[in-house]
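> Below is the sequence, then the predicted model.
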Amino acid sequence: MDSHHRDTLQKILGHAPAANIEWRQVLSLLEVTVGSETEVLQPPAGKDVDEQLLVDVRRLLTEAGITSG
């Protein structure tokens, strides 16, 4: 996982998630993440991830055992 992926992960899993997470950043992170669950994520209307999508991605990552630390 490179520094860009770590930064995106920190934005998603941080206590106060950043509001400016771009969809391309989420896709890039998930392309290198291997977990046991498959999730179909609908891209947001704009370039930034909305709150519900952020909740879904957080759940997916935490259930796969991925943490921000």
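Arrived safely, thanks for sending.
> The residue of the chain most remote from its centre and residue 56: what is the separation?
Most distant from the centre of the chain: residue 45, at 16.6 Å, with distances by C-alpha atoms, centre = their mean. Per C-beta to C-beta, to the nearest Å, residue 45 is found 16 Å from residue 56. (C-beta placed from N, C-alpha, C; glycine too.)
> Please name every helix or strand in contact with the helix or strand harbouring residue 11.
Residue 11 belongs to helix 3-13 when assigned by DSSP states H and E. Contact here means 3 or more C-beta pairs under 8 Å, 6 or more residues apart in numbering; DSSP states H and E; on that basis helix 3-13 packs against helix 23-31, helix 51-63.
> quick one: contacts for residue 12?
21, 26, 29, 54, 57, 58, 61, 68 (C-beta atoms under 8 Å, 6 or more residues apart in numbering).
> again with residue 22
For residue 22, the contact set (C-beta under 8 Å, 6+ apart) comprises 47, 48, 49.
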